[in-house]
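> Give me coordinates for this.
(chains A and B)
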2 protein chains.
Amino acid sequence: MKLFGGIEAGGSKFICAVGDVEGNVEDKLTIKTTTPEETMAQVIKYFQNVNSNRTLSAIGIATFGPIDLDCNSPQYSYITTPPKTGWRYFDFLGVMRAKFDIPMGWDTDVNGAALGEYRFGAAQGLNTFIYVTIGTGIGAGGMVGGKLMHGLIHPEMGHMLIPHDVIKDKFAGVCPFHGNCLEGLASGPAIQKRWGVKSAIDLPFDHPAWDLEVEYLATAFANYAMILSPQKIIVGGGVMKRKGLLPKICSRVREILNGYIPHEMILNKTNDYIVAPGLGEESGICGAIALAERAFMQTNKIPYQKG
Amino acid sequence: MKLFGGIEAGGSKFICAVGDVEGNVEDKLTIKTTTPEETMAQVIKYFQNVNSNRTLSAIGIATFGPIDLDCNSPQYSYITTPPKTGWRYFDFLGVMRAKFDIPMGWDTDVNGAALGEYRFGAAQGLNTFIYVTIGTGIGAGGMVGGKLMHGLIHPEMGHMLIPHDVIKDKFAGVCPFHGNCLEGLASGPAIQKRWGVKSAIDLPFDHPAWDLEVEYLATAFANYAMILSPQKIIVGGGVMKRKGLLPKICSRVREILNGYIPHEMILNKTNDYIVAPGLGEESGICGAIALAERAFMQTNKIPYQKG
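Residues are numbered from 1 along each chain as shown, chains lettered A, B, ... in the order given. Got it, this is the predicted structure:
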């Protein structure tokens, strides 16, 4: 069976792994994200080691962004303007291509995770869905009509502006660009700063933090449902580990939509509509491997397998 | 040159026309929307007349919704639950198919208008964009990766929940489902009811109505830009006829995004990013004809022309 490499590149850590077309992941290595030079040296060494024993058919990169996905742009292959300033205008894909002469997949971390769920997880058989992560940041990727969402650049769904009742919640939000956008109000750091705690997960379940969180996330998911009409919304990330949060969000989404979208999945089956990732915490790395698989298929003009 | 029929079906009027692959529209007929029986009798008569002299190759239907677009559903071809109760669960496409044995295109009015702009208007050459209409209702359709947006059903972007500063604007909104969603706050009827006027267009340009309208629409467009990353946002509809409104919205969108999306079109060329329809008021009927063209191509397995 063909062997693919995957890189799930995050602002605090990189995960490198190898895997196959059945979604088996082996030999994971976690690297702390420091400077591009230091971090990439370890990434390159990892795949050179793999390659010295076995043949890698392709490598997929699912990375934090924003990144340039326009293959006609001179900055295609770059991370452009991330908050992590040391990585600004870093030619990530270019550095990898200079070392490995095999097909390379290139997309955002969240589009990668969406592709992972499509190939091996909760989005198998669908063609229009989103994968949302609620953690240090809020991000989302997905497919529309069977294609990963690209456009002017790529979606930045976490920064949607949503209703914020300043009488109920006086917190101004933590987003440096928009203050009280979704990420500014509902990300892990927002919860921590609003309530003065080190970790959101430490707050007891009857703490008012969670009612607010349900309200913001349910509003966001209702908006995603109305704007994109996804067949499913898959939600991961650290904040979602809070037990009992997801069912409350589902029921609040149904209330907010108030019968407007006349579909069974929303009217009666919201718990099957908004779901946890089928791959648990592996969506990202499986997605990076699926990006490699897809790049291999495209280079060799093999039709891509449906999930 | 092949001749195509188009139906732009709205809640107050139907437009029937014929046209060709170059976007020429001729012989338009406007019919008042009453009951399905009365209205459809006139529609059928119109196309039977056309067909008695010349050969129609296909008919495209771009209609008010919600409609069922899932070709595996028993209600595919139906308008399902529109506010206009006489049209609930009306088998629109089925009635047309029973009378005309030619390929039929079937989509929402806004996806139709988006396709019209793609074939003949402001979206030529793009693959990811939206068409928004601000009028009696607020609706949007579009393409992602070259495909018209379909999913669980189809987008209902007008009902997005947005920030509503109840101190600045005490009006509760007119949406029967969501109160103060975008349509509830910023549609033509919302402006009329908030300010007690018969038509929004009568309000002078220095009236506070327009500052509010700029704020709501700019918030919505910023959200669409972040959620979908369209290459262009095309905006039509009665409310947008107010001179000077569009440039103010463009400049407010740039302020709201605050440099977050690192792309030239948003940073410096917002006036070329959010634009009026290339086809003026003809996007809808040209789109219906383009739906017919596309159905003809698909039936005959001819690759669809790029805009």
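
> contacts, neighbours, all on C-alpha from now
OK.

> residue ranges with poor pLDDT in chain A?
A:305-307 (pLDDT under 70).

> which parts of the stretch 201-307 of chain A sit against chain B?
Residues of the stretch 201-307 of chain A found near chain B (CA under 8 Å from any CA of the partner chain) are A:219, A:222-232, A:256-260, A:262-263.

> Make a PyMOL selection of the buried ones in the residues you listed.
Buried residues among these (16 or more other CA atoms under 10 Å in any protein chain shown), as a PyMOL selection:
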select buried, chain A and resi 219+222+223+224+225+226+227+228+229+230+231+232+256+257+260+262
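
> okay, the helix or strand harbouring A:K193 in CSV with CA atoms only?
Assigned by DSSP states H and E, A:K193 belongs to helix A:188-195. Output in CSV follows, covering the C-alpha atoms of helix A:188-195 (Å, rounded to 0.1, in the frame of the first residue of the first chain):
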residue,chain,number,x,y,z
GLY,A,188,-10.7,29.4,24.8
PRO,A,189,-8.7,32.6,25.6
ALA,A,190,-11.9,34.7,25.6
ILE,A,191,-13.4,32.4,28.3
GLN,A,192,-10.2,32.5,30.3
LYS,A,193,-9.9,36.2,30.2
ARG,A,194,-13.6,36.9,30.8
TRP,A,195,-13.7,34.7,34.0
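
> So which other helices or strands are in contact with it?
helix A:182-186 (3 or more CA pairs under 8 Å, 6 or more residues apart in numbering or on different chains; DSSP states H and E).

> let's go with 10 Å and repeat that
In terms of contacts (3 or more CA pairs under 10 Å, 6 or more residues apart in numbering or on different chains; DSSP states H and E), helix A:188-195 is packed against helix A:182-186, helix A:208-228.

> So for A:Q298, which of the ones you listed sits nearest?
Closest to A:Q298 of those, according to CA to CA: helix A:208-228, at 26.8 Å.

> tell me the contacts of the residue of the stretch 51-200 of chain A found nearest chain B?
Nearest residue of the stretch 51-200 of chain A to chain B (CA to the nearest CA) works out as A:P163 at 3.9 Å. A:P163 is in contact with A:180-182, A:215-216, A:219-220, B:161-165, B:181, counting by CA atoms under 10 Å, 6 or more residues apart in numbering or on different chains.

> Got the domain ranges for chain A?
A:3-108, A:122-276 (automatic domain parsing).

> Quick check: which of these is buried the most?
domain A:122-276 (a mean of 20; mean count of other CA atoms under 10 Å in any protein chain shown).

> Centre of the chain to it, how far?
Put simply, domain A:122-276 sits 13 Å off its chain's centre (CA atoms, centre = their mean, to the nearest Å).

> Quick one: end-to-end distance for that domain.
Distance across domain A:122-276, first residue to last, is 8 Å (CA to CA, to the nearest Å).

> Adjacent strands (with direction) for the helix or strand A:E26 falls within?
Using DSSP H and E, A:E26 sits in strand A:25-32. Take DSSP bridges as the rule and strand A:25-32 pairs in its sheet with strand A:13-19 (antiparallel).

> Isn't A:R97 up against A:M104?
Yes: A:R97 is within contact range of A:M104, at 7.6 Å (criterion: CA atoms under 10 Å).

> Now do the shared contacts for these two.
With CA under 10 Å, 6+ apart, A:R97 and A:M104 have common neighbours A:I59.

> residues in contact with A:F177?
A:H159, A:G184, B:I256, B:L257, B:N258, B:G259, B:Y260.

> do A:W106 as well
For A:W106, the contact set (CA under 10 Å, 6+ apart) comprises A:7, A:59-63, A:67-69, A:76-78, A:92-93, A:112, A:288, A:291-292, A:295.

> How about the helix or strand hosting A:R119 and chain B, touching?
Element membership for A:R119 (DSSP H and E) is helix A:109-120. No: Helix A:109-120 is not in contact with chain B by CA under 10 Å from any CA of the partner chain; minimum separation 12.7 Å.

> What is that helix packed up against?
Helix A:109-120 makes packing contacts with strand A:3-9, strand A:56-63, strand A:104-108, strand A:129-134, strand A:138-144, strand A:147-148, strand A:232-236, helix A:283-299 when contacts are defined by 3+ CA pairs under 10 Å, 6+ apart.

> can you do 6 Å?
strand A:56-63, strand A:138-144, helix A:283-299 (3 or more CA pairs under 6 Å, 6 or more residues apart in numbering or on different chains; DSSP states H and E).

> So what angle separates the directions of it and helix A:283-299?
80 degrees (axes from the mean of the first three to the mean of the last three CA atoms, to 10 degrees).

> what's in contact with helix A:109-120?
Residues from elsewhere that reach helix A:109-120, judged by CA atoms under 6 Å, 6 or more residues apart in numbering or on different chains: A:62-64, A:123-124, A:131, A:140-142, A:283-284, A:286-288, A:290, A:307.

> same deal with stretch A:233-243?
By CA under 6 Å, 6+ apart, stretch A:233-243 touches A:F129, A:I130, A:Y131, A:V132, A:T133, A:I134, A:G135, A:I274, A:V275, A:A276, A:P277.

> if you set the cut-off to 8 Å instead, what comes out?
A:122, A:129-136, A:187-188, A:200-201, A:221, A:246, A:273-277, A:280-281 (CA atoms under 8 Å, 6 or more residues apart in numbering or on different chains).

> For the closest residue to A:Y78 other than its chain neighbours, give its distance to A:A98.
Spatial nearest neighbour of A:Y78, excluding adjacent residues (CA to CA, 6 or more residues apart in numbering or on different chains): A:D91 at 4.2 Å. From A:D91 across to A:A98, the span is 11 Å (CA to CA).

> gap between the closest residue to A:T30 other than its chain neighbours and B:I61?
Take A:T30 and drop its neighbours on the chain: the residue closest to it by CA to CA, 6+ apart is A:I15, 4.6 Å away. Using CA to CA, we find A:I15 at a distance of 50 Å from B:I61.

> quick one: contacts for A:A209?
If you count contacts by CA under 8 Å, 6+ apart, A:A209 has them with A:I191, A:W195, A:L203.

> Show me which residues of the stretch 51-200 of chain A sit near chain B.
Residues of the stretch 51-200 of chain A lying near chain B (CA under 8 Å from any CA): A:80-81, A:127-129, A:144-145, A:147, A:149-157, A:159-164, A:177-178.

> Just the ones in helices from those residues, please.
Among these, no residue falls in helices (DSSP state H).
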